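Chemist: heads up, no residue letters with this:
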Ligand SMILES: Nc1ncnc2c1ncn2[C@@H]1O[C@H](COP(=O)(O)OP(=O)(O)O)[C@@H](O)[C@H]1O
Ligand SMILES: [Mg+2]
């Protein structure tokens, strides 16, 4: 049995603003196991980003509990745009979490450089983000997320700013890197095919305030996301999820 | 979209022709620019020589040049330049340093920001020259008052500009840093400050102008030396040659200081897109 890394129980969150009270999440429960890749899909505005912020500890839930197995587990957060700092070289961007976490030592730098080499960005380490293609920048953003060796990755629609062609290949890239590094991942997206092609488990959310509507285990047999898209059951899953999302 | 500028490229003949055309255009712009200046000076001189312009009121390029030479020889022009430069630069530096510091404090504390906002609005709207008499009574009739005037004129703009720059830091990047566990101070150091370099340079450029307004206005109010003093004095004794000579010197000084800031910009914003 794989260890449970993260568990959400009956989580609710309400945003308070001057003019309104917006309930974004209610009665949300699910858990993440070691090495698992979960995709959370839901219509836009349903509260997906909110869920990731809650897990990352950037906000406290209004109700419910979020339990993390390894006391002070680190989360690697990756956003829609690469959010590379334009005045830093790729290498300096990747060292950023190390500087923030005061882990800027030989061992961590060596690990980060190892990642750069392994995933084909080493020769671009002295370049600035503006000198790289969109796909490469997103890969750099992922390496930055991995540089401090987090236990859990939180990906917030990380491919939606890319054009379709790039998206397919970056998706494949990112998947391979995540599996190579053995990370547990929660991917949030509104793209159904992306979710099918990458995940072990898909969680379908309701409209806002979001809660878990369906959970599916997707058989994938070690296929890459591109291969997964070619499998014959791909369409069946797509239709099912489409129906569930829109009902 | 795919851009790879890693290897040094060999330029084609087309590209070299394109560069030549660009350079040609720049040459035209410079020639026209300098040509207009030369033509205007020449016309001015001719009109003065033929008596179409009364040189006691309109002066002439030659008389201005002669006045400058005379100022250097007999009136110690460089002493006056030194005084005004001192007042301007000190006023500029204080306005920039203090203004940026205040902006930082206001960025840090939302309460402070909201408390100070109405004061900033009033001070920004107030014509600072109105404070002249108060400044002179409090600080006397010397460089101190003039520097204070330069500081007052520059500091409010600095605070407002820099604060807006700091507050414009990308929300998603702040979120990202917070997810790494960054403290507020780290967010300041890693994101807000380096992200505000452009705003800072822009503010410096405005502040150079403000400092000159402040120091020359200060010298109009109260002074015994400086370029502003020479201008006011020339006006009082009806020596338009002196007024225009001093104004020409001021043009050169202000431009040089602006170019200094532009050079700083080149050094600071290399590689930042
Ligand atoms: N800071 C906030 N204050 C108030 N309302 C918010 C805030 N952040 C998000 N919301 C609202 O909460 C809902 C869910 O937002 P979000 O989690 O960003 O959705 P998603 O990522 O699924 O598109 C939206 O209706 C949004 O307007
Ligand atoms: Mg979102």
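Modeler: Everything's here; your move. Quick caveat: nothing in here was measured; it's all calculated off a predicted structure. Ligands and ions are numbered 1, 2, ... in the order given.
Chemist: quick check, the helix or strand encompassing residue A:235 touching ligand 1?
Modeler: Counting by DSSP states H and E, the element that carries residue A:235 is helix A:233-246. No. Judged by CB under 6 Å from any ligand atom, helix A:233-246 stays clear of ligand 1, getting no closer than 12.3 Å. (Glycine included, C-beta is placed from N, CA and C.)
Chemist: Just give me how far that helix sits from the chain centre.
Modeler: 21 Å (CA atoms, centre = their mean, to the nearest Å).
Chemist: for the most centrally placed residue in chain A, helix, strand, or coil?
Modeler: For chain A, residue A:155 is the residue whose C-alpha lies nearest the centre (CA atoms, centre = their mean; 1.7 Å). When classified by DSSP: H, G, I helix; E, B strand; the rest coil, residue A:155 comes out as strand.
Chemist: Run through the bridge partners of it.
Modeler: Under DSSP bridges, the beta-bridge partners of residue A:155 are residue A:78, residue A:187.
Chemist: Now do the strands for the stretch 1-150 of chain B: every range, in order, please.
Modeler: With DSSP state E, counting those that start in this stretch, there are no strands along the stretch 1-150 of chain B.
Chemist: now do chain A
Modeler: With DSSP state E as the criterion, chain A has strands at A:4-16, A:21-33, A:37-41, A:63-68, A:75-78, A:152-156, A:184-189, A:201-205, A:212-217.
Chemist: and the helix holding residue A:235, which residues are buried?
Modeler: Judged by neighbour count using 16 or more other CB atoms under 10 Å in any protein chain shown, the buried positions of helix A:233-246 are A:234, A:237, A:240-241, A:244-245.
Chemist: pLDDT of the longest helix along chain B, averaged?
Modeler: Longest helix of chain B, by residue count under DSSP state H: helix B:13-49. For helix B:13-49, mean pLDDT is 93.
Chemist: Check stretch A:104-115 too.
Modeler: Here the average pLDDT along stretch A:104-115 is 92.
Chemist: Any residue of that stretch touching chain B?
Modeler: No. Counting by CB under 8 Å from any CB of the partner chain, chain B is not contacted by stretch A:104-115; separation bottoms out at 12.1 Å.
Chemist: Quick check: buried residues in the longest helix of chain B?
Modeler: Buried residues in helix B:13-49 (16+ other CB under 10 Å): B:44, B:48.
Chemist: any low-confidence regions in the chain?
Modeler: Defaulting to chain A. A:1, A:71-73 (pLDDT under 70).
Chemist: think we crossed wires, I meant chain B
Modeler: Within chain B, the segments meeting pLDDT under 70 span B:1-9, B:270-273.
Chemist: Break the chain down into its domains, please.
Modeler: Since you didn't name a chain, this refers to chain A. The record's domain split for chain A, according to automatic domain parsing, is A:4-73+A:151-245, A:85-150.
Chemist: wrong one, I was asking about chain B
Modeler: Taken from automatic domain parsing, chain B resolves into B:1-53, B:55-272.
Chemist: Could I get the contacting residues of the spatially closest residue to residue B:100 that is not a sequence neighbour?
Modeler: Leaving aside its sequence neighbours, residue B:100 sits nearest to residue B:162 (CB to CB, 6 or more residues apart in numbering or on different chains; 5.2 Å). Counting by CB atoms under 8 Å, 6 or more residues apart in numbering or on different chains, residue B:162 touches B:99-100, B:103-104, B:196, B:199-200, B:203.
Chemist: and if you look at residue A:125?
Modeler: Residues near residue A:125 by CB under 8 Å, 6+ apart: A:89-91, A:94, A:113, A:116.
Chemist: how about these in TSV, adding neighbour count?
Modeler: As requested, the contacts of residue A:125 are exported to TSV (neighbours: other CB atoms under 10 Å in any protein chain shown):
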residue	neighbour count
A:89	18
A:90	26
A:91	18
A:94	27
A:113	16
A:116	21
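Chemist: rewinding a little: what about the residue nearest to residue B:100, distance to residue B:203?
Modeler: 6 Å (CB to CB, to the nearest Å).
Chemist: who touches both of the two?
Modeler: Residues touching both residue B:162 and residue B:203 (CB under 8 Å, 6+ apart): B:99-100.
Chemist: ok so, going back, okay, buried residues for the strand or helix carrying the residue nearest to residue B:100 please.
Modeler: Element membership for residue B:162 (DSSP H and E) is helix B:143-167. For helix B:143-167, burial by neighbour count (16+ other CB under 10 Å) applies to B:143, B:145-163, B:165-166.
Chemist: count of residues packed around the residue of the stretch 51-200 of chain B found nearest chain A?
Modeler: Nearest residue of the stretch 51-200 of chain B to chain A, counting by CB to the nearest CB: residue B:179, 3.7 Å away. Residue B:179: 25 surrounding residues under other CB atoms under 10 Å in any protein chain shown.
Chemist: Isn't it up against residue A:77?
Modeler: Yes. Assessed by CB atoms under 8 Å, residue B:179 is found in contact with residue A:77 at 3.7 Å.
Chemist: Give me the common contacts of these two.
Modeler: A:56, A:154.
Chemist: and chain A, which residues reach chain B?
Modeler: Within chain A, the positions near chain B by CB under 8 Å from any CB are A:53, A:56, A:58, A:75, A:77, A:79-81, A:83, A:85-87, A:96-97, A:99-101, A:123-124, A:127-128, A:130-134, A:148, A:154, A:163.
Chemist: and chain A, which residues reach ligand 1?
Modeler: A:15, A:17, A:22, A:24, A:42, A:44-50, A:208.
Chemist: residue contacts, residue B:47?
Modeler: Per CB under 8 Å, 6+ apart, neighbours of residue B:47: B:53, B:58.
Chemist: and what of the one 10 residues further on?
Modeler: Residue B:57 makes contacts with residue B:240, as judged by CB under 8 Å, 6+ apart.
Chemist: can we see that at 10 Å?
Modeler: Applying CB atoms under 10 Å, 6 or more residues apart in numbering or on different chains, we find residue B:57 in contact with B:238, B:240.
Chemist: Next: residue B:134.
Modeler: Counting by CB under 10 Å, 6+ apart, residue B:134 touches B:145, B:148.
Chemist: any idea how far it is from residue B:145?
Modeler: Taken as CB to CB, the span from residue B:134 to residue B:145 is 10 Å.
Chemist: and what of residue B:163?
Modeler: In terms of CB to CB, residue B:163 sits 28 Å off from residue B:145.
Chemist: ditto for residue A:128
Modeler: Counting by CB to CB, the separation of residue A:128 from residue B:145 is 47 Å.
Chemist: do the same with residue B:262
Modeler: For residue B:262 relative to residue B:145 (CB to CB), the value is 30 Å.
Chemist: Could you do residue B:124 as well?
Modeler: Going from residue B:124 to residue B:145 by CB to CB gives 21 Å.
Chemist: go on, residue B:251?
Modeler: Here residue B:251 is placed at a distance of 25 Å from residue B:145 (CB to CB).
Chemist: Number of residues surrounding residue B:97?
Modeler: 13.
Chemist: isn't it right up against residue B:200?
Modeler: No. With contact defined as CB atoms under 10 Å, residue B:97 does not count as touching residue B:200 (11.6 Å).
Chemist: Tell me the residues that contact both of those two, please.
Modeler: Between them, residue B:97 and residue B:200 share the contacting residues residue B:158, judged by CB under 10 Å, 6+ apart.
Chemist: mind listing what residue A:187 touches?
Modeler: Here residue A:187 is in contact with A:37-41, A:48, A:52, A:78, A:153-159, A:171, A:174-175, A:178, A:194-195, A:198-199, A:202 (CB under 10 Å, 6+ apart).
Chemist: picking up where we left off before, list the helices and strands the helix holding residue A:235 packs on?
Modeler: strand A:37-41, helix A:192-198, strand A:201-205, strand A:212-217, helix A:225-230 (3 or more CB pairs under 10 Å, 6 or more residues apart in numbering or on different chains; DSSP states H and E).
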